[in-house]
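Asker: Only the shape, not the letters, is given here:
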């Protein structure tokens, strides 16, 4: 099976702009989770989608949003970018079952200038 | 809330040395526990997992035992290789926290020939 793919791999944006990141899960997986990784805060959970519904959300401002499509592909959007949004954004897919074994993509490196 | 604490790093070892990376957790229920590894420029790879007390997860020579009495999930390997150099993350998930992994801060491991 193909792994989790994320596009683009690298992005450079200017403060105030918005950005959309994409994630394609492993075939058959219906759950997609998003994480932000920074040197200072480590890995932090953003939100999770299962069958097009957001089931869980972390403690991030409303500028961070996401959605999931009927084929389980997911996008996350960050509006009004701030310098502090510079990070590696990781998505992970799973079957959505209770053991929550998640498989991660390579990440999108976002730099805000 | 849930939390994971890993031993402070970085850890530097010679090839064939014994490795231990300590991990303790705080959770309200009965979480599943995971170790993930991240190589430079890549996403996270699942190394091993345990879903209930006294379970032992193992993979590629790495082992960790779910100890409910000490709320611990320490990672061990009997003989490390240079190729094991990476960042190791301990994580937990609870069945009631859909799609959310709570991570420790990560431990950088460097193995010298």
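Answerer: Alright, I've got the coordinates. It should be emphasised that the depicted structure is a prediction, and the values quoted were computed from it without experimental measurement.

Asker: Report the contact partners of residue A:70.
Answerer: Residue A:70 makes contact with residue A:52 under the criterion CB atoms under 8 Å, 6 or more residues apart in numbering or on different chains. Where C-beta positions appear, they are placed from N, C-alpha and C, glycine not excepted.

Asker: Surely it is in a strand?
Answerer: No: assigned with DSSP: H, G, I helix; E, B strand; the rest coil, residue A:70 falls outside any strand and is coil.

Asker: per-residue confidence at it?
Answerer: Model confidence at residue A:70, given as pLDDT, is 96.

Asker: Mind listing residues that contact stretch B:37-48?
Answerer: Outside stretch B:37-48, the residues that touch it by CB under 8 Å, 6+ apart are A:4, A:6, A:90, A:92, A:101-107, B:34-36, B:57-60, B:62-64, B:75, B:86-89, B:106.

Asker: pLDDT below threshold where in the chain?
Answerer: Using chain A. Applying pLDDT under 70 to chain A flags residues A:1, A:97-100.

Asker: for chain B, same thing?
Answerer: The model of chain B has no residue with pLDDT under 70.

Asker: For it, which segments are assigned as strands?
Answerer: B:3-6, B:11-14, B:19-21, B:23-26, B:32-38, B:44-50, B:56-59, B:62-65, B:75-77, B:86-93, B:102-103, B:107-112 (DSSP state E).

Asker: touching chain A at all, the first one?
Answerer: Right, the one you point to is strand B:3-6. No: shown here: strand B:3-6 not in contact with chain A (CB under 8 Å from any CB of the partner chain), separated by at least 9.9 Å.

Asker: Residues touching that strand, excluding its own?
Answerer: Identification of contacts with strand B:3-6 by CB under 8 Å, 6+ apart yields B:21-26, B:88-92, B:102-107.
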